[in-house]
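K.L.:
With the sequence up front, the predicted model follows.
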Amino acid sequence: MGITLSRPGIYVPKNVLDNEFFESIIDTTDEWITKRSGIKERRISLEMGITEMGAIAAKRCLEREVITDQEINEVLFATNLHDDNKEFPSHASYVANQVNNPNATAYDVSAGCSGLVYAIRQAYNNMVAEPDLKRALVVGGERLTDMTDYSDRTNCFLFGDGAGAYLLERFDGEEGIINNVAGGRSDTGSVDFPYGELALENKIGLKLISDGAGSYNKKFSKQNYLVMNGKKVFEFAVPIMEHGVRKVLEGTDYDLEDVDAIIPHGANIRIINPAKNRLKRDGFNGEIYTNLEKYGNTSTASVPIAADEAFSKGIIGRGSLVINVAFGAGFTWGANLYRAR
Ligand code: COA
């Protein structure tokens, strides 16, 4: 009896912010942003909230799956920002109702950009421990634009919005999820960054606010915004991506040579490339697939947004051996190894 991970359903907002937009609001250039991060565009969702985006992604995921009795026993929602105080009681509760399973166990997971990878691991472990759980829906959704200060040129060009959702399901004869790993390296408590190198700070910043007609206005306002020590995040991220991939293969029947595709959290191409080069050197000859150039860092949504495109392009197909790998604020990291169905 295997527990499979589906192809994800995703939602990406329509509004695009390209690098030229950032040239118009901060002291930067398209060339600098592209060279330092690999990002050309990102999407912003000013009208639709995190829960709604997540629910759309979840419905799209379920529409693709053939579920005979429609029963989903658990909904986990991974996210960073809790927009308009809607985190109470949980985003997962909203999604459970939206997918017609109000009786599902529903709760949120918060682990920075590793949240969705953590949640897949959690849902899998729950299903192993409780044989009555037939299906779990795992959603990642973000509206990072809400916590972005568009006057802070050190990080505002990195982030975007979106959502993605996977179904975990019991399936006879399928290998499905093979292994999950997760870990942390807490960085909170330092003098300069008491809440970590990637944290929220209450300050006056520039916000993008919906104009109600499909576009946005800019407004300075005081609230919590993301602040980041980019170099420290970088130092953590580069080795941990590679570590996550190696760790999730440990103790399994598989080596790097067997892996068809790696879907890394899309934070910065300069974080992904060094890991890619070292893994290639050691026998990995599959594809590391990201589309961060189009969507920026969508945090918990970045792995499904890239994976969905990898499925569309045939990079992942039935039988592919795939690794999701992520790192995030906290610091956190995690990986999932699965055989695609
Ligand atoms: N445009 C142009 N120049 C900029 C700039 C911008 N938007 N932001 C900073 N600079 C300048 C700096 O002032 C600095 O100038 P100096 O050399 O004269 O002092 C120079 O560019 C280099 O800045 P630095 O901060 O050292 O750049 P970097 O190579 O570290 O790249 C990031 C910055 C943010 C792209 C990079 O640190 C990063 O991606 N870190 C990881 C972030 C991340 O992934 N976060 C999410 C984790 S889930």
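P.N.:
Nice, thanks for sending it over.

K.L.:
what's around Glu65, how many residues?
P.N.:
15 (other Cβ atoms under 10 Å). Quick note: C-beta positions are derived from backbone N, CA and C, even for glycine.

K.L.:
check contacts around it.
P.N.:
Shown in contact with Glu65 (Cβ atoms under 8 Å, 6 or more residues apart in numbering): 6, 167, 169.

K.L.:
Mind doing that once more with 10 Å?
P.N.:
Glu65 makes contact with 4, 6-7, 9, 135, 166-167, 169, 341, according to Cβ atoms under 10 Å, 6 or more residues apart in numbering.

K.L.:
and the residue of the stretch 1-150 of the chain nearest the ligand?
P.N.:
Thr28 (3.2 Å; Cβ to the nearest ligand atom).

K.L.:
Same check on the stretch 151-300 of the chain?
P.N.:
Closest point on the stretch 151-300 of the chain to the ligand, by Cβ to the nearest ligand atom, is Gly230, at 2.6 Å.

K.L.:
Wait, that residue touches Arg153, no?
P.N.:
No - with contacts counted by Cβ atoms under 10 Å, Gly230 stays clear of Arg153, the gap being 11.1 Å.

K.L.:
Next one: Ile50 from Asp30, what distance?
P.N.:
29 Å (Cβ to Cβ, to the nearest Å).

K.L.:
Name the member of the contacts of Glu65 with the most neighbours.
P.N.:
In the contacts of Glu65, the most neighbours by other Cβ under 10 Å go to Tyr166, 31 neighbours.

K.L.:
the more surrounded of Ile50 and Asp30?
P.N.:
Taking neighbours as other Cβ under 10 Å, Ile50 and Asp30 compare with Ile50 leading, 31 against 15.

K.L.:
what sits against that one?
P.N.:
Going by Cβ under 10 Å, 6+ apart, Ile50 touches 77, 79-84, 86-87, 91, 94, 139-144, 146, 161-163, 300-301.

K.L.:
one more time with 7 Å, if that's ok
P.N.:
79, 81, 83, 91, 141-143 (Cβ atoms under 7 Å, 6 or more residues apart in numbering).

K.L.:
Which residue in those residues has the weakest pLDDT?
P.N.:
Across those, the bottom pLDDT score, 60, is held by Asp83.

K.L.:
Test my guess that the residue of the stretch 151-300 of the chain closest to the ligand contacts Cys156.
P.N.:
No - Gly230 is beyond contact range of Cys156, at 11.9 Å (criterion: Cβ atoms under 7 Å).

K.L.:
Compare those two and say which is more crowded by neighbours.
P.N.:
Higher neighbour count among Gly230 and Cys156: Cys156, with 22 against 15, using other Cβ under 10 Å.

K.L.:
how about the more buried one, secondary structure?
P.N.:
coil (DSSP: H, G, I helix; E, B strand; the rest coil).

K.L.:
what does stretch 111-131 contact?
P.N.:
Residues contacting stretch 111-131 (Cβ under 7 Å, 6+ apart): 3, 5, 74, 76, 78-80, 109, 133, 136, 138, 140, 166, 168, 177, 180, 182, 265, 267, 299-300, 303-304, 324, 326-330, 332-336.

K.L.:
count of neighbours near Tyr118?
P.N.:
28.

K.L.:
which element is it on?
P.N.:
Using DSSP states H and E, Tyr118 maps to helix 115-129.

K.L.:
Specify the angle between the helix or strand that that helix is followed by and helix 115-129 in degrees.
P.N.:
Remark: after helix 115-129, the chain's next helix or strand is strand 135-143, criterion DSSP H and E. Per axes from the mean of the first three to the mean of the last three Cα atoms, to 10 degrees, the angle that strand 135-143 makes with helix 115-129 is 170 degrees.

K.L.:
quick one: strands adjacent to strand 135-143?
P.N.:
If you go by DSSP bridges, strand 135-143 pairs up with strand 74-78 (parallel), strand 161-171 (antiparallel).

K.L.:
Buried deepest among these, which one?
P.N.:
strand 74-78 (a mean of 30; mean count of other Cβ atoms under 10 Å).

K.L.:
Mind giving me the packing neighbours of the helix or strand that comes right after that strand?
P.N.:
Next along the chain after strand 74-78, taking DSSP H and E as the criterion, comes helix 91-98. The contact analysis (3 or more Cβ pairs under 7 Å, 6 or more residues apart in numbering; DSSP states H and E) places helix 91-98 against helix 50-64, strand 74-78, strand 105-109.

K.L.:
closest to Lys222 out of those?
P.N.:
helix 50-64 (21.7 Å; Cβ to Cβ).

K.L.:
mind listing what's buried in the closest one?
P.N.:
For helix 50-64, a neighbour-count test (16 or more other Cβ atoms under 10 Å) marks 50-62 as buried.
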